[in-house]
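**Q** sequence and computational prediction follow.
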Amino acid sequence: MKREHQTTTVMQRAFTTLLLLLGVAAVATAQTPKVLTMEQAIATAMQNNRDLKISRLEIENADARVDEAYSNAYPSVGLNGRYTFNIAKQVFYIPGQDGIVRPVAIGSDNALQADITVNQVVYNQAAFDAPNTAKVYSQISRQQLRAKASDVILTVKRAYYTAMLTKEYLLVSEQLLANSEETFKNAQALYKAGIRAEFDAIRAEVQVANQKPAVVQARDNYNQALDGLKLAMGIPETEKIEVAERVARPASLERVEPQVEEAKKLLEEYNPQLQALALNDEVNQQLIDIKRSDYLPTVGLFGTYQYSAQADAIGDLEFQPTAYVGLNLSLNLYNGGKTKAQEEQARVEKEKSKLQLEDARNGLRTQIETIVRSIDFARQRIAATERVIEQADKGYKIAQASYKAGTGTQLQINDADIAMAQSKWNQMTAINDYNVALAELEAILGQRYQLNSDGTDVKYSQN
């Protein structure tokens with residue numbers, strides 16, 4: 001009995017330990033941040049962004065409108081059926097031979113009628129033009145999807161680059177703190193050895209204390225940047241993430257982007273905003289033609305095949321067929337000037353769309369020139385900081401060696417440390433500006449945002 005009790009106790013302890021281990025593992029898993037590359041962040045945003053989802057739905061809606069426009073040119077077929085029970089029959093008043101007018105009931109108690117009617121438009125210019133106009137609207141919705149995708153990806157890239165930059169600043173701040181702590185340790189050792197004054201140790205300790213809040217602020221800035229990235233990706237703010245990539249000097253500072261004039265040509269060919277505005281201008285021209293078509297006649301064919309029967313008793317109903325076809329012609333002779341007014345409105349919209357297209361083209365061209373200048377300026381800054389970083393690092397090492405040898409001062413170490421950190425920060429800022437400007441140029445040109453085979457989604461190529 002005692003052995004069974006001991007066995008049960010051991011099993012309970014083992015089970016409890018297992019539950020605790022599983023709980024610790026679950027907590028560790030829940031708290032482990034998800035490390036994301038730029039490509040993964042973009043893919044997540046493309047899947048989660050609500051504006052992109054709305055744009056995809058707009059494409060479905062536009063395609064359905066194309067089908068609706070075609071339906072006006074197809075024949076329409078209708079089936080109708082009607083049963084009537086005459087509670088009081090209709091009467092005619094007919095004079096008799098005696099000259100007295102008497103009511104005569106007509107019809108039967110029960111009447112049943114069924115017919116099938118076909119209508120086909122033979123000529124209606126508006127109905128014939130509508131499918132082409134609807135197709136252009138469908139193309140506009142696809143360009144708007146491309147434009148939205150470029151906006152979303154640019155937003156993600158900016159947020160990701162910001163997170164990368166603030167992470168680097170955090171690392172630099174932590175390195176400054178580590179350097180300060182090392183300096184403090186050396187100052188204490190030299191003070192205790194009687195080589196340095198107590199003031200040096202106190203000053204080094206103050207430097208450590210001053211650097212700690214900067215690390216806390218840098219970590220908070222990084223967390224805020226991660227929150228901005230989560231918002232751009234469309235994921236919950238409670239999800240833990242980290243950026244996998246680091247701010248790194250470009251492999252080559254040689255020009256990889258197109259020159260201004262070449263970029264302007266690519267702008268005309270690929271930019272989704274310009275393509276959407278050009279298509280909108282085309283639509284407005286077609287709308288003018290559609291409004292003018294109201295002056296033209298509409299010609300249609302129609303035909304009906306009908307079965308009808310009447311009888312006082314339902315069992316006595318005998319159906320008789322009737323069939324006829326015809327041609328219908330309608331022409332608007334005068335509608336109070338409505339057609340002319342609508343045509344003028346369409347003409348004004350056409351002029352507006354033309355001006356909007358030109359305004360957008362000029363604005364985008366100016367943006368290209370600004371972005372290309374920003375890229376060139378960032379490239380020059382990156383190159384300029386390389387030599388400065390080498391010198392600052394060398395100066396810091398000399399200052400440390402001089403201080404340990406008793407010939408240098410702690411102020412020299414602090415100045416060298418700050419100079420090295422500032423030169424690294426200047427280079428990282430220049431690299432960030434370079435990357436962001438390249439992303440802006442990529443977005444404005446639109447080359448890498450192409451529609452898939454059926455035009456319902458966007459494929460993004462990073463290379």
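**A** Here it is on my side, so go on. Numbers count the residues shown, from 1 in each chain.
**Q** which stretches of the stretch 201-350 of the chain have low pLDDT?
**A** Residues of the stretch 201-350 of the chain meeting the criterion pLDDT under 70: none.
**Q** rerun that using 80 as the cut-off
**A** Scanning the stretch 201-350 of the chain for pLDDT under 80 picks out 201-205, 207, 252-253, 255-256.
**Q** and if you look at the stretch 351-463 of the chain?
**A** Applying pLDDT under 80 to the stretch 351-463 of the chain flags residues 386-421, 462-463.
**Q** can you show me the helices along the stretch 201-350 of the chain?
**A** Per DSSP state H, counting those that start in this stretch, the stretch 201-350 of the chain carries helices over the ranges 260-270, 272-292, 338-405.
**Q** got the angle between the longest one and helix 260-270?
**A** I take that to be helix 338-405. Angle, helix 338-405 to helix 260-270, by axes from the mean of the first three to the mean of the last three Cα atoms, to 10 degrees: 130 degrees.
**Q** quick one: buried residues of the helix or strand just after helix 338-405?
**A** The element immediately downstream of helix 338-405 (helix or strand, assigned by DSSP states H and E) is helix 410-445. Neighbour-count burial for helix 410-445 flags 410, 412-414, 416-417, 419-421, 423-445 (criterion: 16 or more other Cβ atoms under 10 Å). Yep, even glycine has a C-beta here, placed from its N, CA and C like the rest.
**Q** re the thing from before, select, out of the helices of the stretch 201-350 of the chain, the one closest to residue 103.
**A** Ranking these by proximity to residue 103 (Cβ to Cβ) places helix 338-405 first, at 48.4 Å.
**Q** now the closest one, how far from the centre of its chain.
**A** On the basis of Cα atoms, centre = their mean, to the nearest Å, helix 338-405 sits 21 Å off its chain's mean C-alpha point.
**Q** if you count contacts, what does that helix end up packed against?
**A** Applying 3 or more Cβ pairs under 8 Å, 6 or more residues apart in numbering; DSSP states H and E, we find helix 338-405 packed against helix 125-192, helix 260-270, helix 272-292, helix 410-445.
**Q** tell me which stretches of the stretch 1-150 of the chain form strands.
**A** Secondary structure of the stretch 1-150 of the chain, counting by DSSP state E, counting those that start in this stretch: strands at 34-36, 76-85, 91-95, 101-105, 110-123.
**Q** which neighbours does the fourth one have in its sheet, and in what orientation?
**A** Read that as strand 101-105. strand 91-95 (antiparallel) (DSSP bridges).
**Q** ok, residues contacting the partner strand?
**A** 101-106 (Cβ atoms under 8 Å, 6 or more residues apart in numbering).
**Q** give the rounded mean pLDDT of it.
**A** On average, the pLDDT along strand 91-95 is 81.
**Q** for that strand, output the C-alpha coordinates as PDB.
**A** The C-alpha coordinates for strand 91-95 follow below in PDB (Å, rounded to 0.1, in the frame of the first residue of the first chain):
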ATOM      1  CA  VAL A  91     -70.300  44.500 -69.700                       C
ATOM      2  CA  PHE A  92     -71.100  46.300 -72.900                       C
ATOM      3  CA  TYR A  93     -74.400  48.300 -73.400                       C
ATOM      4  CA  ILE A  94     -76.100  47.300 -76.600                       C
ATOM      5  CA  PRO A  95     -79.500  48.500 -77.800                       C
END
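**Q** mind checking how far that strand is from the chain centre?
**A** Centroid separation for strand 91-95 versus its chain: 76 Å, with Cα atoms, centre = their mean.
**Q** then stretch 207-224?
**A** Put simply, stretch 207-224 sits 35 Å off its chain's centre (Cα atoms, centre = their mean).
**Q** re the thing from before, for residue 317, which of the helices and strands packed on helix 338-405 is the nearest?
**A** helix 125-192 (40.5 Å).
**Q** what average pLDDT does that closest one get?
**A** Regarding helix 125-192, the rounded mean pLDDT is 89.
**Q** what angle do helix 410-445 and that helix make with each other?
**A** 170 degrees.
**Q** tell me the angle helix 125-192 makes with helix 272-292.
**A** 160 degrees.
**Q** now helix 125-192, how far from the chain's geometric center?
**A** 14 Å.
**Q** try stretch 76-93
**A** Stretch 76-93 sits 57 Å away from the centroid of its parent chain (Cα atoms, centre = their mean).
**Q** go through that stretch and flag the buried ones.
**A** So stretch 76-93, judged by 16+ other Cβ under 10 Å, has zero buried residues.
**Q** start and end of it, how far apart?
**A** 41 Å (Cα to Cα, to the nearest Å).
**Q** again, but for stretch 328-348
**A** End-to-end distance for stretch 328-348: 34 Å, by Cα to Cα.
**Q** stretch 284-300 too?
**A** For stretch 284-300, the first-to-last residue distance is 28 Å (Cα to Cα).
**Q** can you list contacts of it?
**A** With contacts defined as Cβ under 8 Å, 6+ apart, stretch 284-300 is touched by 119-126, 129-130, 132-133, 136, 327-332, 335, 339, 342-343, 345-347, 349-350, 352-353.
**Q** burial count for the closest residue to residue 282 other than its chain neighbours?
**A** Distances taken as Cβ to Cβ, 6 or more residues apart in numbering place residue 136 nearest to residue 282, at 5.6 Å, with adjacent residues excluded. Residue 136 has 20 neighbouring residues, counting by other Cβ atoms under 10 Å.
**Q** how much space is there between residue 136 and residue 275?
**A** 11 Å (Cβ to Cβ, to the nearest Å).
**Q** now swap in residue 66 and tell me
**A** Residue 66 is 18 Å from residue 275, by Cβ to Cβ.
**Q** and residue 222, how many neighbours?
**A** 23.
**Q** same thing with residue 388?
**A** For residue 388, using other Cβ under 10 Å, the count is 16.
**Q** surely it meets residue 421?
**A** No - Residue 388 lies out of contact with residue 421 (Cβ atoms under 8 Å); the separation is 11.8 Å.
**Q** give me the nearest residue to residue 153, chain neighbours excluded.
**A** residue 42 (5.5 Å).
**Q** contacting residues for residue 81?
**A** Here residue 81 is in contact with 113-114 (Cβ under 8 Å, 6+ apart).
**Q** what bridges to it?
**A** When bridges are called by DSSP bridges, residue 81 pairs up with residue 114.
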